[in-house]
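Chemist: My questions are about this predicted structure, shown below with the sequence.
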Amino acid sequence: MRRAFVLALAGLQLLLLAGKGGVRGNYRELEQLLVIQTMGVDARANGLTLALAAKGDARQGVKRMKAAGSSLTAAMERIRLESFEEELFCAHIGQLLVGEKAAEAGLEDLLADLARAPDLRLDLPLYVIREDTAERAVMQVGDDSRGICDVMDTVRQTGRRRAGCRETAAKDILADSERFGAALICALRLTPAAEQEGEPGTDAPLTAALEGYGILRDGKLCRYLTAEQAVAVSFLKDETAAAEGQLTGLKIDAETSAAVVEQGAGGDESYSDMLCARLEEYLARELESVLRVSRELKADFLGLSAQVERADPVAYQALSRDFSELLPELELEITVRARLRHVNDRKEG
């Protein structure tokens with residue numbers, strides 16, 4: 001009994017010592033941490049350039065920093081060593097921005113680095129910067145009080161409110177690339193802030209806004225979809241496709257609705273029919289344009305093969321070639337149904 005008590009006491013002392021030198025030694029007050037919220041990556045010879053940004057507060061302005069390295073981990077370590085901050089906290093990074101050249105070169109190595117990084121998450125949303133660099137987005141968007149982190153908060157809220165440009169997380173890009181050989185990545189464009197407000201000027205602070213999707217084929221950026229086409233993507237990825245016979249064609253069936261603020265033209269039924277017809281025509285045109293891009297590239301970035309497999313597993317299993325190779329040969333039948341409602345309409349009950 002005495003021996004057991006001595007061993008237990010010795011174990012307790014070891015735990016206390018470990019706590020004193022380990023847990024307490026790693027503890028940092030929140031005020032001592034610089035919370036990084038936006039990361040940007042660009043391609044360079046023999047590696048990459050990494051840019052980081054944190055929001056400003058009442059005491060200090062926006063913090064921005066950058067470094068080059070052979071990998072994401074190496075560049076991050078260099079920033080940690082060269083930073084004057086007590087500690088960089090990266091677990092709250094909200095988005096990773098990728099420069100266009102880096103995306104064209106391929107995201108395979110970046111995604112592999114992301115998967116290995118101990119303080120980064122695979123559900124991190126990724127964005128490609130159209131015709132620009134991620135470094136410029138991180139280091140130059142906004143001003144001393146409002147930087148890229150604040151702008152990206154607005155971008156993400158706007159994307160959730162409007163149709164098109166759903167967030168594209170790293171894990172989804174990995175999964176779609178593995179299964180379909182292609183994937184989509186949200187695209188951003190940098191513009192002078194005053195230009196968006198109708199006041200052209202090159203000296204104005206930069207801002208960022210959603211502008212369609214980038215198409216990744218075999219992990220490399222190969223083309224963009226416009227903001228209008230991005231609206232069609234949201235329909236095409238929502239279980240709209242079905243196989244036709246022995247997979248000689250695809251049927252695309254989409255439904256949409258719109259709210260009308262002012263009926264106009266007397267508010268008669270014929271005017272509503274005309275608006276519905278125009279809405280159906282517009283959506284059908286954009287659906288067709290996105291499918292045409294998919295067929296031209298032989299890239300199933302919409303995941304149509306998964307929808308077809310669920311609709312007719314037998315026909316899908318009988319395919320003699322890869323689905324992406326068959327895309328240009330498939331006939332398309334697109335059906336769109338639209339309905340209108342007035343914003344003042346109230347549901348009964």
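Modeler: Looks like it came in fine.

Chemist: Which pLDDT value belongs to Ala258?
Modeler: Per-residue pLDDT puts Ala258 at 78.

Chemist: try Glu31
Modeler: Looking at Glu31, the pLDDT reads 55.

Chemist: Likewise for Glu167?
Modeler: In this prediction, Glu167 carries a pLDDT score of 89.

Chemist: For the stretch 51-200 of the chain, which segments count as helices?
Modeler: For the stretch 51-200 of the chain, the helices defined by DSSP state H, counting those that start in this stretch cover 72-82, 100-105, 108-116, 134-140, 148-161, 170-180, 193-196.

Chemist: ok, now the stretch 201-349 of the chain?
Modeler: Taking DSSP H, counting those that start in this stretch as the test, the helices found in the stretch 201-349 of the chain are 227-236, 269-297, 304-311, 313-317, 323-326.

Chemist: which stretch in those has the least confidence?
Modeler: Lowest mean pLDDT within the helices of the stretch 201-349 of the chain: helix 313-317, a mean of 84.

Chemist: For that one, which residues meet the burial criterion?
Modeler: Neighbour-count burial for helix 313-317 flags 315-316 (criterion: 16 or more other CB atoms under 10 Å). To be clear about C-beta, it is placed using only N, CA and C from the backbone, and glycine gets the same treatment.

Chemist: try stretch 52-60
Modeler: Under 16+ other CB under 10 Å, the buried positions of stretch 52-60 are 52-56.

Chemist: Tell me who's in contact with Gly214.
Modeler: Neighbouring residues of Gly214 by CB atoms under 8 Å, 6 or more residues apart in numbering: 103, 128, 130, 184-187, 221, 223-225.

Chemist: Look up how far Ala284 lies from the residue nearest to Ile334 when sequence neighbours are not counted.
Modeler: Sequence neighbours aside, Ile252 is the residue nearest to Ile334 in space, at 4.5 Å (criterion: CB to CB, 6 or more residues apart in numbering). Distance of Ile252 to Ala284, given as CB to CB, to the nearest Å: 9 Å.

Chemist: Any idea what Glu255 is bridged to?
Modeler: Arg337 (DSSP bridges).

Chemist: For this structure, which element, helix or strand, carries the lowest mean pLDDT?
Modeler: Least confident helix or strand of the chain, by mean pLDDT, DSSP states H and E, is helix 24-26 with a mean of 39.

Chemist: So which elements touch the following helix or strand past it?
Modeler: Going down the chain from helix 24-26, the next helix or strand is strand 33-35, by DSSP states H and E. With contacts defined as 3 or more CB pairs under 8 Å, 6 or more residues apart in numbering; DSSP states H and E, strand 33-35 has these neighbours: strand 87-89.

Chemist: wait, doesn't Val35 sit right on Gly56?
Modeler: No: using CB atoms under 8 Å, Val35 makes no contact with Gly56, being 11.4 Å away.
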